[in-house]
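*Asks:* Quick one: sequence plus predicted model below, questions after.
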Amino acid sequence: MFKFLRIVVLAFILVNVALSAWLTRARSTDWHEPLEVVVHVLNGDGSTVSQGYIDTLKAMDSEAIDAHFEDIEAFFAREAQRYGLPLSAPVKMVFAGQIDTLPPRPPRQGSAWSIGLWSLKLRYWASRNNDYPYPQDVQMYVQYFDPASSPALAHSLGLQKGMIGVVNAFAAKTMKGQNHVIIAHELLHTVGATDKYDPTNNRPLYPSGYADPEQQPRYPQRRAEIMAGRMATDADTVDEPRKLKQVVIGATTAREIKWSASTE
């Protein structure tokens, strides 16, 4: 009897967790209210360069830190208007300061089981490292690295389950625009957007990964689709956007995140 009761209680907890997660995702993508994105920063490599960059962010007053993330909010506002979304400010970025514990690393070439286990570990880690006092929709953890010692970074990630993003970023003012493109990309993953590039060569998929798929001639593309992350300058070459003004939300991505595609 005791074993049976334990199974019933566990099943009840799992059902409630799943239902709560489903309700959170459903509410967050009905776009009746702004999506609140809480940004936590971490010193990804333990360097003084990364910590100095983070300390600069932490020293900003509320007005300055709002301005720091303004380009992300402006990107979503611009694209929302383009798709006829009734919400004028669909995303609100909130800075929650620094945390010291790094997230669990994803398996490099893991099985479905190991990836699933890592996902659970990440969600548990996030629940233990979120001291922000108010409810939020998305938790975004941005790990900064010294670009001099880490010129190439591991892939960032965004999970729809749990609505968590982990972004690897460069600790340099000159690379803020590129960092914010990645943050926006991973943020869109948390609300259901899928990648629009070929993982074997990182080229944008045609037509879903092109900002202007009907452009004639097709090349060079002058803008990037956000979930492709790159723009094809010719049939064999791609370029990375340096700021969100060079990026758009394509029609396929708009459908995935439940935006109207009336203007596409």
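*Replies:* Looks like it came in fine. Residues are numbered from 1 along each chain as shown.

*Asks:* can you map out the strands along the stretch 151-264 of the chain?
*Replies:* With DSSP state E, counting those that start in this stretch as the criterion, the stretch 151-264 of the chain has strands at 157-159, 164-170, 224-225, 231-232, 238-239, 247-248.

*Asks:* What is the longest one packed up against?
*Replies:* Using 3 or more C-beta pairs under 8 Å, 6 or more residues apart in numbering; DSSP states H and E as the contact criterion, the secondary-structure elements in contact with strand 164-170 are helix 112-128, strand 138-145, strand 157-159, helix 176-190. Heads up, the C-betas are built off the backbone N, CA and C, glycines and all.

*Asks:* Pull out the buried residues from the longest one.
*Replies:* This means helix 112-128. Trp118, Ser119, Leu122, Arg123, Trp125, Ala126 (16 or more other C-beta atoms under 10 Å).

*Asks:* which stretch in the helices and strands packed on strand 164-170 has the least confidence?
*Replies:* Here the lowest mean pLDDT among these goes to helix 112-128, at a mean of 87.

*Asks:* Measure how far it is from the centre of its chain, please.
*Replies:* 17 Å (C-alpha atoms, centre = their mean, to the nearest Å).

*Asks:* what angle do that helix and strand 164-170 make?
*Replies:* Angle, helix 112-128 to strand 164-170, by axes from the mean of the first three to the mean of the last three C-alpha atoms, to 10 degrees: 90 degrees.

*Asks:* so what secondary structure elements neighbour helix 112-128?
*Replies:* strand 157-159, strand 164-170.

*Asks:* Specify the stretch among those that is closest to Val49.
*Replies:* Nearest to Val49, of all these, is strand 164-170, at 9.8 Å by C-beta to C-beta.

*Asks:* who's in contact with that closest one?
*Replies:* Contacting residues not belonging to strand 164-170 are listed as 44, 103, 122-123, 126, 138-145, 147, 150, 153-159, 175, 178-179, 182-183, 186-187, 189-190 [C-beta atoms under 8 Å, 6 or more residues apart in numbering].

*Asks:* what lines up beside that strand in the sheet?
*Replies:* Using DSSP bridges, the strands paired with strand 164-170 are strand 138-145 (parallel), strand 157-159 (antiparallel).

*Asks:* Could you identify which of those strands is most buried?
*Replies:* strand 138-145 (a mean of 24; mean count of other C-beta atoms under 10 Å).

*Asks:* and that strand with helix 176-190, angle?
*Replies:* Using the same axes, to 10 degrees: strand 138-145 against helix 176-190 is 140 degrees.

*Asks:* Extract the CA atoms of strand 138-145 and return them as CSV.
*Replies:* Only the C-alpha atoms of strand 138-145 are listed here, as CSV (Å, rounded to 0.1, in the frame of the first residue of the first chain):
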residue,chain,number,x,y,z
VAL,A,138,12.1,33.3,-19.7
GLN,A,139,15.3,32.9,-17.7
MET,A,140,18.3,33.9,-19.8
TYR,A,141,21.8,33.0,-18.4
VAL,A,142,24.6,34.9,-20.3
GLN,A,143,28.1,33.6,-19.8
TYR,A,144,30.8,36.0,-20.8
PHE,A,145,34.3,35.0,-22.1
